[in-house]
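Enquirer: Quick one: sequence and predicted model below, then my questions.
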Amino acid sequence: MSRIERVVTHGTFELDGGSWEVDNNIWIVGDDSDVVVFDAAHTAAPILAAVAGRHVVAVVCTHGHNDHVTVAPELGTALDAPVLLHPGDEVLWRMTHPDKDFRAVSDGDTLRVAGIELQASHTPGHSPGSVCWYAPELGAVFSGDTLFRGGPGATGRSFSDFPTILESISTRLGALPAGTVVYTGHGDTTTIGDEIVHYHEWVARGY
């Protein structure tokens with residue numbers, strides 16, 4: 001039976017000359033045989049321990065910030081799995097992995113694991129290549145840093161844009177069922193319905 005497991009790792013997010021301590025969520029989706037790993041944050045060992053020898057269909061990077069791709073090539077090699085990223089974030093990827101490649105993801109791409117489908121939705125704003133992955137059978141969306149409990153992801157640094165993230169949330173995530181659980185890149189889960197009701201507040205205060 002398909003399930004969602006969480007691993008939390010600690011490290012730093014670095015961009016524009018700044019460095020911030022962060023805890024990152026890594027989501028492992030699948031069953032006792034096959035899984036997909038969402039994001040490759042900070043340290044490989046706890047992720048490998050959670051995978052526990054299962055076949056990994058892909059290591060999916062929701063976006064290219066260093067704290068989400070830290071050990072992606074290492075995991076890809078160790079798990080014999082492709083590393084997926086939207087090419088809009090190649091410039092960010094190269095800041096961390098200048099000599100490593102990834103497999104390009106496009107809007108509308110799908111992955112199948114453990115009898116369920118994961119659908120890629122390009123949601124730029126936090127970064128140009130941010131992608132959320134929707135799993136209809138699980139009533140879940142893996143949002144990376146596009147949407148959190150309490151509002152949109154940050155847009156105050158290079159390669160980000162507030163109007164763009166608002167459009168992504170309203171047109172893409174806001175179109176999902178209200179009960180869809182949002183599995184975020186940092187912090188606690190939420191639901192689409194609990195967040196989207198505050199959309200006009202975000203617009204008004206320039207969140």
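Expert: Now that the structure is in, tell me what you want to look at. Numbering: from 1, shown residues only.

Enquirer: What residues of the longest helix along the chain count as buried?
Expert: With DSSP state H setting the assignment, residue counts place helix 162-171 as the longest helix in the chain. Buried residues in helix 162-171, defined by neighbour count with 16 or more other C-beta atoms under 10 Å: 162, 164-166, 168-169. (C-beta placed from N, C-alpha, C; glycine too.)

Enquirer: quick one: low-confidence ranges for the protein?
Expert: Along the chain, segments meeting pLDDT under 70 span 207.

Enquirer: how about the helices in it?
Expert: Applying DSSP H to the chain gives helices spanning 44-51, 66-69, 72-79, 90-96, 162-171, 192-196, 199-205.

Enquirer: in the fourth one, what's buried?
Expert: So that's helix 90-96. Neighbour-count burial for helix 90-96, with 16+ other C-beta under 10 Å as criterion, is recorded at 90, 92-93, 96.

Enquirer: which ones are touching S158?
Expert: 15-16 (C-beta atoms under 8 Å, 6 or more residues apart in numbering).

Enquirer: can you check the one 10 residues further on too?
Expert: In this structure, S168 makes contact with 122-125, 130, 146, judged by C-beta under 8 Å, 6+ apart.

Enquirer: cutoff 10 Å now
Expert: With contacts defined as C-beta atoms under 10 Å, 6 or more residues apart in numbering, the neighbours of S168 are 121-126, 130, 132, 146-147, 152-153, 161, 174.

Enquirer: can you pull out the strands in the protein?
Expert: Counting by DSSP state E, the chain has strands at residues 3-15, 18-30, 34-38, 55-60, 83-85, 103-104, 110-113, 116-122, 131-135, 140-144, 147-148, 151-152, 181-184, 190-191.

Enquirer: returning to that earlier point: list buried residues within the contacts of S168.
Expert: 121-126, 130, 132, 146-147, 152-153, 174.

Enquirer: And for G193, the neighbour number?
Expert: 14 (other C-beta atoms under 10 Å).

Enquirer: Hmm, G139 and it touching each other?
Expert: No. Using C-beta atoms under 10 Å, G193 is not in contact with G139; the gap is 11.6 Å.

Enquirer: Quick check: neighbours shared by the two?
Expert: Overlap between the neighbourhoods of G193 and G139 consists of 176-177, 179-180, taking contacts as C-beta under 10 Å, 6+ apart.

Enquirer: Mind picking the two most distant members of the residues you listed?
Expert: Farthest-apart pair in these is L176 and G179; separation 9.0 Å (C-beta to C-beta).

Enquirer: Identify, from the buried residues of helix 162-171, the entry nearest to W202.
Expert: Out of the buried residues of helix 162-171, the one with the shortest distance to W202 is L166. That distance is 6.7 Å, counting by C-beta to C-beta.

Enquirer: The closest one contacts P124, correct?
Expert: No. With contacts counted by C-beta under 10 Å, L166 stays clear of P124, the gap being 11.0 Å.

Enquirer: Export the buried ones among the contacts of S168 to CSV and append columns for distance to R3.
Expert: Putting the buried ones among the contacts of S168 into CSV (distance: C-beta to C-beta, whole Å) gives the following:
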residue, distance to R3
S121, 22
H122, 26
T123, 24
P124, 30
G125, 30
H126, 27
S130, 25
C132, 20
T146, 23
L147, 22
P152, 28
G153, 26
G174, 26
